[in-house]
Structure formats: C-alpha cells, structure tokens
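Colleague: Fold the stuff below for me.
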Amino acid sequence: MPDITDALSAIDAAIADEHPADCRECGGPRDGSPSVDFCSDPCQTAWTARQAAKQADDRGATPNRDLPEAAPVRPLTWLGPTPAGAFLKPGHEVLDAVVTFVSRFSAFPNEHCAPTLALWYAHTHIADRLYVTPRLILDSAEPGSGKTRVLEVGQYLVAKPEMTISVTPAAVFRMLVEGPITLLFDEIDAVFNPKTGGNNEDLRALLNAGYKRTATVARCVGDAKSMNVTRFPVYAPVALAGIAGGMPATITTRAVTIHMRKRRYDEVVEEFIEEDVEREAAPVHADLEAWAHRVADEVARARPERPDGVRDRAAEIWRPLLALADAAGGHWPETVRKACRHFVVEAGPQNVSTGVRLLSDIRDIFTAQNTDRIGTADLIRELHAIEDGPWTDLQGKPLDSRRLAKELDRYSVRPKDVKVNGKALKGYRVDSDGGLADAWSRYLPPLATRATSATAATEQVNENDDAEPVAQPDATSATTAAEQVADGRGNHERSAPAVTGTVAEVAEVATDIEGEA
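Modeller: Predicted structure coming up:
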C-alpha cells in the first residue's frame, strides 16, 4: 500500500521536530552522537546555560521582591467589584503617617507639636464644613529655628496651599472668592512690625475675622459713578511664621502657638530636598484628604469633651482638632487632649496686657503673705522687688501709687482706707466693693490651693478692722482663710479671728498644731 505509506511519511515529516544536521552549539558534525542536537556533552551544557540566562527576565511571570507592588495592567474584573472600604486606612494610621513624615524634617521642642500639626493639616481639607478654623502660629526667639521648614513641608499636606511672604489684603480677598484656601505666611513679624511704618490694619482685621466661616469684609468696588458695596468672604485656614513678639494679640488669641527652637547639635533631621518631599508626600496627602472627607459629617456635628480649664475661645478653636482626633480613634483622643492641655492650660496666655500682668503679680503677693489687705507703699515695694517684672521701668519710670491706681481702676479696683498692724493706711483689699477678688476671678485663671494646716498657721495674717486678737485659731479655719485668699473665692470673713503678735508666737502656734497632727 504505497499510497498509505507515503501519506504517513508526509504526516510524520510535518509534525516531527526538525533537528539540525550539525551541533547547535559549535556547528560541527555530530559524528554519531546519541544527541540529535549536539556533538558532545560540553556543547549541550554550554548551550543550556546560555538559554537559561536569556530567560532571566520573565516579564513579571515570577515575583520580584525588589520592586514595589503595582496594580495589574489587566483589571481582575472577574473577581467582581471591590468591597467598599477594602483599601481605606483607618484614621489613626493616617495621622500617625503624617506625624512620622513631618518629624523627618523638623526637631520639635516637645511631643505635642507634631500631633497638633497633623490635626491642623487634616482640618484644612474640610474647612468649608467647619464653623471655625484655628490659626496656627509658629514663632521663635531667633531666626533659623525651623519655622519656615514646617511651612515648606506642610504645603504638601494641606488643602489648596498658598505660600507667601508678602501679600496685600486685596489679593487675599480675591483668592478667597472661590472658597477657602490654606494661606501660609512666612516672616509675618516683618509685616506687623511697627518699625516698618506700613499700614497693615486691613490685613490684621482680615486674619482676625477670618477664623469664622460667617466672616466677611465689606469694601466699596467700582468707580465714583457706579460704586457698590461688596462683601468679601475671608474665612480660610491660616498659618503664620515669624519671630516671637511681633504678632497682634487679637490673632494670637485665635491661634494654636508652637514655639520653635534652634536644633541642638545632637538632633539630626533629614535633608529637605523639595522635589523628593513633594513626591514622597503625595500618598500621605492623598490618604489624609480621603480620610478627612470620610469623617467630615461626623466632625462637623461633634461636640467633643475638652480638658478642664479649656473654655471660651480656646475651646472654640480646639473643637475641630478634638473632633478629628476622636474620629481617628486609637491613641489620638488621649494624645490630642494632652496637647490641648499643654498649649492652653500649662503654657498659659502667651501675650497678656500690662493690667492683667499687674493683677497676677498682685495676687501672687497677697497669696504669699496670706493677707486680705496691703498698704499701697508696701504693695509697690513688693512689685518693684519682682526680679523679672516690668514695674521698675514703665515707659522710663517706675510704678508709683498714681500709675498703680490708674491701671487697677480699669478693673474697678480702687484704693481704700485699710488698717494694717494697727495703722490706718491707704491700700487695697481682697474683698469689699472695689476689692481685688472680683477682678482676679474674671481676668486670671484660678490658683491651685497650696495652703496646708501647718503652713497656714505660720504665715502672718493681718488683723481685721474691729476684731480683737485671739491667741491660737484652729488649723481648719487657718487653711480655709488661706485657700480663699489664694484663689479669690468667698467674702473672706474668717470663722476665727486672725493671728497677731510676733513671729515667735506664730512659730509656737505652728509647733503646737504639728504636734497635735
């Protein structure tokens, strides 16, 4: 059957592997080699090794741990839609990443600064949903303390940044027409420095009013024939950096102030290369923006619990930061409350008027002497003795009785006829009409009670006007009197008359009380 044989031979020839007549490696004759491709084992080994080297780049067929993960070029649609929130980071991880990022380039003075910055950056992304945006102030005693660096890093984390050194109020008005942007002012101390002679009242008013969403500034727009009043919205997050002492008090009271300091020689931070920072900040910014928008409704409605002592305007400006921390979860609710207490309660007011400083120093004197009245001459002498006080040089003159009365009169505190150690003098009292207690309670934070039953008896207390001296009051009444004088509470009518006599007699009373205890 020659036809069938020829057909099978043709089929075999068509499907059979073709083998070269010579060796694939060296090209020489195979000379009876059992291999159909190579003349010898060395040629086969060399050819196999070369082919393996050509296949090293497998075009991603096998994993490469040296390369970052990337989404597949071809979507895995056959798996179905991605579950909602499958790739969303929780808030505490997002904020932790921001803290880690900003801490790479700045040496902050304490552990509260970076978390506060992270929350402030986050709030800029939802500022249009908030009623208040706290100002952020970065100041320092000397240049080169890292203020500008915080702004340079922050511009890649906030929403719609506008970083500037000098800008006119008119330009700001027009930039804010399209909605809130984040204004980052550097060298702001030069803008508000009175030595420059510039008129920056419009800018101060803009920054002062613009921390609330409802704030507008009215301006006349147009020529004389068609003049119209236009109300410009001025609400926007603002960060201000400059040398300490040059910021108007009306702005600092609406701000979280971070006092930057020069970096120590043993403190090391990463080099700031802007193009690298911009690239590396992009995913951190994206996560922060996405998370802030997810919790915007929750934060806008929140009424977060605040630390003790945080009230009025301080509570108002910290509310969005506290609410964001609560929404983030993890350690953040506790962390932000520690920071809030540090910046508001422990740091105290950053800029106080001469009158408030005077009230504070007078209260310290009354508390130290545990008395409810002091003669004017003695009070002035004690004020002059305060080492870091301004009372020996007020506009070139020391504080005198006339200036003292003038300063205190603004707070409805007036000199009275008082009896001190049996002498009738002009002086000041804690209680009564025109006394100091009311002013202390309104303009100063309460003092912590420092009196104890033993020390209260040893401190000399001046006698009342009509009271007769009593040898030994009990410890409870002495403690109560000291507490009332210390924090300005009550009418200071003691349950027992005051101690009088020599210092030796007072010391004897203290010894007896300690023995009874």
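Colleague: from here on, contacts and neighbour counts on C-alpha atoms
Modeller: OK.
Colleague: residues touching residue 439, list them.
Modeller: By C-alpha atoms under 8 Å, 6 or more residues apart in numbering, residue 439 lies in contact with 359, 411-413.
Colleague: Let me see the ranges of the strands in the stretch 201-350 of the chain.
Modeller: Along the stretch 201-350 of the chain, counting by DSSP state E, counting those that start in this stretch, strands occupy 216-221, 228-233, 238-243, 255-260.
Colleague: Could you say which one of these comes nearest to residue 129?
Modeller: If you check each of the strands of the stretch 201-350 of the chain against residue 129 by C-alpha to C-alpha, strand 228-233 wins as the nearest, at 14.9 Å.
Colleague: packing partners for that closest one?
Modeller: helix 169-175, strand 216-221 (3 or more C-alpha pairs under 8 Å, 6 or more residues apart in numbering; DSSP states H and E).
Colleague: Can you list which of the contacts of residue 439 are found in strands?
Modeller: Assigned to strands by DSSP state E, none of the contacts of residue 439 qualify.
Colleague: So what's the residue count around residue 166?
Modeller: Using other C-alpha atoms under 10 Å, residue 166 has 12 other residues around it.
Colleague: Quick check on it: phi, psi?
Modeller: phi -140, psi 130 (degrees, to the nearest 10).
Colleague: repeat for residue 330
Modeller: Note on residue 330: its backbone torsions stand at phi 60, psi -140 [degrees, to the nearest 10].
Colleague: Let me know whether it touches residue 94 as I believe.
Modeller: No. Applying C-alpha atoms under 8 Å, one finds residue 330 not in contact with residue 94, separated by 11.1 Å.
Colleague: out of these two, which sits in the more crowded spot?
Modeller: More crowded of residue 330 and residue 94, by other C-alpha under 10 Å: residue 94, with 23 against 14.
Colleague: mind saving the C-alpha coords of the host helix or strand of that one as CSV?
Modeller: Assigned by DSSP states H and E, residue 94 belongs to helix 91-103. What follows is helix 91-103 as a C-alpha-only set of coordinates in CSV (Å, rounded to 0.1, in the frame of the first residue of the first chain):
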residue,chain,number,x,y,z
GLY,A,91,-7.8,57.5,60.7
HIS,A,92,-5.2,56.7,63.4
GLU,A,93,-2.9,55.2,60.9
VAL,A,94,-3.3,58.1,58.5
LEU,A,95,-2.5,60.7,61.3
ASP,A,96,0.4,58.5,62.5
ALA,A,97,1.9,58.6,59.0
VAL,A,98,1.6,62.4,58.9
VAL,A,99,3.4,62.7,62.3
THR,A,100,6.2,60.4,61.0
PHE,A,101,6.5,62.4,57.8
VAL,A,102,6.8,65.8,59.3
SER,A,103,9.1,64.6,62.1
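Colleague: got any ranges where the stretch 251-400 of the chain has weak pLDDT?
Modeller: Applying pLDDT under 70 to the stretch 251-400 of the chain picks out residues 348-351.
Colleague: could you redo the last one with a cut-off of 90?
Modeller: The model of the stretch 251-400 of the chain has pLDDT under 90 over residues 251-255, 262-268, 308-314, 344-357, 386-390, 392-397.
Colleague: and if you look at the stretch 1-150 of the chain?
Modeller: Looking at the stretch 1-150 of the chain by pLDDT under 90, you get 1-89, 139-144.
Colleague: quick one on the thing from earlier: which parts of the helix holding residue 94 count as buried, going by neighbours?
Modeller: Using 16 or more other C-alpha atoms under 10 Å as the test for burial, helix 91-103 gives 91-92, 94-95, 97-99, 101-103.
Colleague: In terms of secondary structure, what does it contact?
Modeller: helix 113-124, helix 147-154, helix 274-294, helix 312-328.
Colleague: highest average neighbour count across the ones you listed?
Modeller: Among the helices and strands packed on helix 91-103, the stretch with the highest mean neighbour count (mean count of other C-alpha atoms under 10 Å) is helix 113-124, at a mean of 24.
Colleague: Which elements pack onto it?
Modeller: helix 91-103, helix 274-294, helix 312-328, helix 332-340.
Colleague: State the next helix or strand along the chain beyond it.
Modeller: By DSSP H and E, the next helix or strand past helix 113-124 is strand 135-140.
Colleague: Mind listing the strands that next one pairs with, and their directions?
Modeller: Looking at strand 135-140 with DSSP bridges, its partner strands are strand 238-243 (parallel), strand 255-260 (parallel).
Colleague: Adding mean neighbour count, write the ones you listed out as CSV.
Modeller: Formatted as CSV, the strands paired with strand 135-140 follow (neighbours: other C-alpha atoms under 10 Å):
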stretch, mean neighbour count
strand 238-243, 24
strand 255-260, 22
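Colleague: Rebuild the ones you listed as CSV, extending it with distance to residue 393.
Modeller: Below are the strands paired with strand 135-140 laid out as CSV (distance: least, C-alpha to C-alpha, whole Å):
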stretch, distance to residue 393
strand 238-243, 24
strand 255-260, 27
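Colleague: now for those strands, which one comes closest to residue 293?
Modeller: Among these, if distance is taken as C-alpha to C-alpha, the winner is strand 238-243, at 19.6 Å.
Colleague: any idea how far that closest one is from the chain center?
Modeller: 13 Å (C-alpha atoms, centre = their mean, to the nearest Å).
Colleague: Then stretch 330-341?
Modeller: 11 Å.
Colleague: repeat for stretch 244-253
Modeller: For stretch 244-253, the distance to the chain centre is 16 Å (C-alpha atoms, centre = their mean).
Colleague: who touches the residue lying closest to residue 103 once chain neighbours are set aside in this structure?
Modeller: Leaving aside its sequence neighbours, residue 103 sits nearest to residue 114 (C-alpha to C-alpha, 6 or more residues apart in numbering; 6.8 Å). Counting by C-alpha under 8 Å, 6+ apart, residue 114 makes contact with 99, 102-103, 108.
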